[in-house]
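Visitor: Kindly return the folded structure for what I paste below:
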Amino acid sequence: MKKGVWLLVLALAGCAQTGDFSSPSSTGAVQVETESRAKAKVFVELGFAYFNRGQMKVALDEARKSITADNRYGPAYNLLGLIYMDLAEDKLAEENFRKALELERADSDAHNNYGWFLCTRGRYDEGFTQFTEAMRNPLYDRPEQAMTNAGLCSEKKGDLKQAEAYYNKAQKLQPNAPLPVIKLAELGFRKGDINEAQRMLTRYQEVSAPTAESLWLGLRIERKLGDKGQEAFYNQQLRKRFPDSPETRLLLQGQYE
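Guide: Next up is the predicted model:
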């Protein structure tokens, strides 16, 4: 799974930022658990595990097994949508996201994932509609994911003010969610509010392990503040932990802005 969207889309996604993708959660629908439905759920859970590890072929096989067991199990089509999205099979991705929502209209995970798909294809307003639908469900247990993806989508659209509003709302919904925090730190840096950027980066470091993205941001913050010792620390950590990252390449090229 790419960060996620976090990403998340998980995704986040992350990172060339991607969204937080969602695996199945409660939609509030009352269903009778048949043997075929139970099998379908197991296959989808396995499929998401393989998807998260980047094993698309095996994930695809598990999704197909799920549909064979129960061809009316919506999350299987949600998984297929994510797989085909990753494979850049846009027509198949959209068909499967739509099928997932046709079967389970209140599936916030599918709304969230479909919204991120639409956003990454430049269909921003359609994406926002899906994120709104995801958050409308009072039983959705990960609303901060859809809120964060809406922020990422706003950034892609070029609306930084709206992106910041979404990230702040996501942080309030889930204070320990790292992606909205690091995005707020980045926005602070871009706006020239270096102290706020540093504050949010410190908050991020309290809830998440370092990433190439966070170390690179920390280095540039300390460079702006003139703290040579901290800048050197981030420099060392970035080179050591993520030698092949795009951020390290920028560092070696001296491209700090």
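Visitor: shaky segments in this structure?
Guide: The model of the chain has pLDDT under 70 over residues 1-32.
Visitor: ok, now with 90
Guide: By pLDDT under 90, the low-scoring segments of the chain are 1-33, 257.
Visitor: quick one: the helices in it?
Guide: 35-52, 56-69, 74-86, 90-103, 108-120, 124-136, 143-157, 160-173, 178-191, 194-207, 212-225, 228-241, 246-253 (DSSP state H).
Visitor: Tell me which of those sits most buried.
Guide: Of the helices of the chain, the one with the most neighbours on average (mean count of other Cβ atoms under 10 Å) is helix 108-120, at a mean of 29. For the C-beta atoms, the positions are set from N, CA and C on the backbone; glycine is no exception.
Visitor: For the nearest residue to Leu160 once chain neighbours are set aside, list the residues it contacts.
Guide: Leaving aside its sequence neighbours, Leu160 sits nearest to Leu187 (Cβ to Cβ, 6 or more residues apart in numbering; 6.3 Å). Counting by Cβ atoms under 8 Å, 6 or more residues apart in numbering, Leu187 touches Leu160, Ala163, Glu164, Tyr167.
Visitor: so which of these comes closest to Glu89?
Guide: Each of those was checked against Glu89 using Cβ to Cβ; the closest is Ala163, at 28.5 Å.
Visitor: List the contacts of that closest one.
Guide: Gly151, Leu152, Ser154, Glu155, Lys183, Leu187.
Visitor: same check, this time on Lys157
Guide: Here Lys157 is in contact with Tyr124 (Cβ under 8 Å, 6+ apart).
Visitor: For Trp216, see how far away the residue lying closest to Leu251 once chain neighbours are set aside is.
Guide: Nearest non-adjacent residue to Leu251, counting by Cβ to Cβ, 6+ apart: Leu238, 6.2 Å away. Using Cβ to Cβ, to the nearest Å, Leu238 is found at 6 Å from Trp216.
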